[in-house]
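**Student:** next come a sequence and a model predicted from it.
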Amino acid sequence: MEDTEIHKGLAGVVVDTTAISKVVQETNSLTYRGYPVQELAANCSFEEVAYLIWNGELPTADQLKEFTERERADRQVDPKIVDLILGLPTDSHPMQVLRTAISYIGAVDPDGEAAGPEANQKKAERLFAQIPTLVAIDHRRRHGLDPIAPDPSLGFSANFFHMTFGEVPEKEVVRCFDVSMILYAEHSFNASTFTARVVTSTLSDLYSAVTAAVGALKGPLHGGANEAVMAALEEVGTADNVGAWLDDALAEKKKIMGFGHRVYKHGDSRVPTMRKAFEDMAAIKKADDLLALYNTFEEDFVSRKGIYPNLDYPSGPAYHLMGFDTQAFTPIFVMSRITGWTAHIMEQQASNALIRPLSAYDGAAQREVPAER
Ligand SMILES: CC(=O)SCCNC(=O)CCNC(=O)[C@H](O)C(C)(C)COP(=O)(O)OP(=O)(O)OC[C@H]1O[C@@H](n2cnc3c(N)ncnc32)[C@H](O)[C@@H]1OP(=O)(O)O
Ligand SMILES: O=C([O-])CC(=O)C(=O)O
């Protein structure tokens, strides 16, 4: 192999600048457009944070009113998309369903291939409004239930509960969900966002970039971990079983989902806030057993490996207690991350360079094609 330094997985490589968010490993901190994410989670609605991520500033009351009116008016999806989802095999993974539906929305977008900043902002807002509708339709389909139309009198998170379950839970539950949306919204050059930027760098369109990003998020080393966390906790069953379960999993050299992070090595900036939301959910649902299992699992794994939970660890069981089925967890992540992805797509477009790294060849030496074969 050539004598070149390899940056496997692009670890530690700074690829470009961004003004959208800042992740600081040393201080475990995360800011969106300069605001600490914990402060946003404590003081803002998800709609305000979405506006901030796209526009660089929190909205004024008038700006928020206009934005939420647009969002509420845009929620209904084309009946052809409902038919498309209902026609897919019932065992299709919800991330495959979502990827297919988003790609379809792109193909029938009335604004076609228009790709200037204004057209892309409109597309981003439409996806923001419609992805929850897609996720709710698919959730109900898995349970043999018909879709429920969006309710424009409800905010983003309350409407999602309404479309999924036909009712809106107590406001504390809706708030825990809203907090999870704020925390999941944006995280610099993570794998799915970088995927979106790579696609955008070829001057491809926003829907192609988002569709590719959904594919990247699906994997269990990234967004798919929130589902895998819940599957593991269900397999372990009770706090008493944690030690033996971890003995076996680590003997088999399994990765423990919901722990570890490429950037944060001393804990994820978002976990304390989401952990509190999970604890609130456990109190509301009187889920002492799940909370005990969660705590025991975390303490045991951290003491063995010194590897800390990431955001997917508390959000998986929190979504479970809110009543969502496990397969919906990563699609729910998409409902939030669509804001970050599309902000990065627009940022990449505004200052583009084709993303095309180099590779060091380590295959067969050059040779001739044999005449006889
Ligand atoms: C929202 C998000 O996307 S957050 C991330 C969600 N993903 C997960 O929770 C999946 C589980 N975690 C992991 O697989 C990893 O921690 C990743 C992929 C997130 C980060 O990986 P990297 O930065 O590449 O770290 P890397 O995989 O090199 O790990 C370093 C060491 O810690 C170990 N390690 C890291 N995470 C874990 C884990 N969750 N379970 C067991 N061991 C782990 C690795 O095996 C490796 O050990 P080694 O040096 O003995 O080989
Ligand atoms: O930043 C990462 O690599 C993964 C992550 O936590 C996220 O995308 O939220």
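**Tutor:** Now that the structure is in, tell me what you want to look at. Ligands and ions are numbered 1, 2, ... in the order given.

**Student:** what's the neighbour count on S29?
**Tutor:** For S29, the neighbour count with other Cβ atoms under 10 Å is 14. Heads up, the C-betas are built off the backbone N, CA and C, glycines and all.

**Student:** number of residues surrounding the closest residue to L88 other than its chain neighbours?
**Tutor:** Nearest residue to L88 in three dimensions, chain neighbours excluded: V97, at 5.7 Å (Cβ to Cβ, 6 or more residues apart in numbering). By the criterion of other Cβ under 10 Å, V97 has 23 neighbours.

**Student:** so who does V97 touch?
**Tutor:** 85, 88, 134, 138, 331 (Cβ atoms under 8 Å, 6 or more residues apart in numbering).

**Student:** so the second one sits against Y104, correct?
**Tutor:** No. Using Cβ atoms under 8 Å, L88 is not in contact with Y104, being 10.9 Å away.

**Student:** which one of these two is surrounded by more residues?
**Tutor:** Higher neighbour count among L88 and Y104: Y104, with 19 against 14, using other Cβ under 10 Å.

**Student:** ok so the more buried one is a strand residue?
**Tutor:** No. The assignment for Y104, made by DSSP: H, G, I helix; E, B strand; the rest coil, is helix rather than a strand.

**Student:** which residues of the protein lie near ligand 1?
**Tutor:** The chain comes close to ligand 1 at residues 9, 221-223, 225, 255-262, 305, 307, 310-312, as judged by Cβ under 6 Å from any ligand atom.

**Student:** among those residues, which are in reach of ligand 2?
**Tutor:** Answer for the residues of the chain next to ligand 1 near ligand 2 (Cβ under 6 Å from any ligand atom): 261-262, 310-311.

**Student:** give me the distance between whatever residue of the chain ends up closest to ligand 1 and V242.
**Tutor:** Nearest residue of the chain to ligand 1 (Cβ to the nearest ligand atom) works out as G260 at 2.1 Å. To V242, G260 is 18 Å away according to Cβ to Cβ, to the nearest Å.

**Student:** burial check on R304, number of neighbours?
**Tutor:** R304: 13 neighbours (other Cβ under 10 Å).

**Student:** the helix or strand hosting it - contacts with which helices or strands?
**Tutor:** For R304, the element it lies in under DSSP states H and E is helix 288-305. If you count contacts as 3 or more Cβ pairs under 8 Å, 6 or more residues apart in numbering; DSSP states H and E, helix 288-305 packs onto helix 225-236, helix 242-251, helix 271-284, helix 312-322.

**Student:** in it, which residues are buried?
**Tutor:** By neighbour count on 16 or more other Cβ atoms under 10 Å, the buried set for helix 288-305 is 290-291, 293-294, 296-298, 300-301.

**Student:** for these, which one is nearest A371?
**Tutor:** A371 lies nearest to F301 out of these, by Cβ to Cβ, at 59.6 Å.

**Student:** I'd say that closest one and M257 touch.
**Tutor:** No. Using Cβ under 8 Å, F301 makes no contact with M257, being 10.7 Å away.

**Student:** check contacts around Q25.
**Tutor:** Q25 touches 263-266, counting by Cβ under 8 Å, 6+ apart.

**Student:** closest one of those to V229?
**Tutor:** Closest to V229, out of all of the contacts of Q25 and judged by Cβ to Cβ, is Y264, at 16.5 Å.

**Student:** what about that closest one, how many residues nearby?
**Tutor:** Residues contacting Y264 under the criterion other Cβ under 10 Å number 22.
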